[in-house]
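Colleague: Just a sequence and a predicted model for now, questions to come.
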Amino acid sequence: MAWNKALLICSLVATVSTNPLDVDCTHRQDFQTVRGCCSLPTLRFEQFRKNCGRYMPTGAPKVSPCLYECIFNETKILVNSIPDPINTRAMLEKLLGNNLDFLEAYLDGVINCTDTVQEMIRNRRPRHIGVTDYCSPVALFYGICSQKYVFNNCPSSSWSGTESCEMARLENLHCPSARASRGAGAALRNPVISSNKT
């Protein structure tokens, strides 16, 4: 049974990879369907509480541009608007601990997201005035982009490999709307820096 499933997935991947037109780009992916495809690690957010705690409200985890900007500023990720690999790795080591598989995936994601982030900034919609408007969205966009990159490059030990997950990944790689935010796959509600209550 597992062998037949593996053959089906390999056949699906081979078919769609050689002919991306077979991928259905007309429907939106269901968050509930793809959320379990890649078993993402719990990020150790508390590592940044000392200097960024004012952006970590108690209760339900919330994401804000100010929190991302604070963490990026504290770790000096961006040098001349480009992610510094050494500083990025240091930040991710704090967030991920010893999870080396995901460390490399997230690092590649952040480093490869610069063009996509610039495109996201150009296509940004005006927002209502609020407290987060005083913070730059750049770090948050890096988080969104790299999270999507990690979905598409999820370590095999953490990838479910179901037919729906394989199809979601192929859609992310071949459909223009998914490629627009690069890496694609996980919903925007699952950004790279998420809350972790310890």
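Modeller: That came through fine.

Colleague: Could you use CA atoms for every contact and neighbour count after this?
Modeller: Fine.

Colleague: Secondary structure element holding the residue most central in space within the chain?
Modeller: What sits nearest the mean C-alpha location of the chain, by C-alpha atoms, centre = their mean, is Q147, with 0.7 Å. Q147 belongs to helix 138-152 when elements are defined using DSSP states H and E.

Colleague: next one: E69
Modeller: Assigned by DSSP H and E, E69 falls in helix 65-75.

Colleague: Show me what secondary structure element comes after that helix.
Modeller: strand 78-79.

Colleague: That following strand pairs with which strands, and in what direction?
Modeller: Using DSSP bridges, strand 78-79 pairs in its sheet with strand 82-83 (antiparallel).

Colleague: Quick one: distance of the partner strand to the chain centre.
Modeller: Centroid separation for strand 82-83 versus its chain: 16 Å, with C-alpha atoms, centre = their mean, to the nearest Å.

Colleague: Let's test this: mean pLDDT of it, rounded?
Modeller: Confidence for strand 82-83, expressed as mean pLDDT, is 94.

Colleague: what's in contact with that strand?
Modeller: Where contact means C-alpha atoms under 8 Å, 6 or more residues apart in numbering, the residues beyond strand 82-83 that reach it are 77, 110-111, 114.

Colleague: Pick out whichever of the residues you listed sits closest to Y134.
Modeller: Nearest to Y134 among those is I77, at 19.4 Å by C-alpha to C-alpha.

Colleague: And the pLDDT for that closest one?
Modeller: At I77, pLDDT is 94.

Colleague: for the chain, what helix or strand is lowest in average pLDDT?
Modeller: Lowest mean confidence among the helices and strands of the chain (mean pLDDT, DSSP states H and E): helix 2-18, at a mean of 40.
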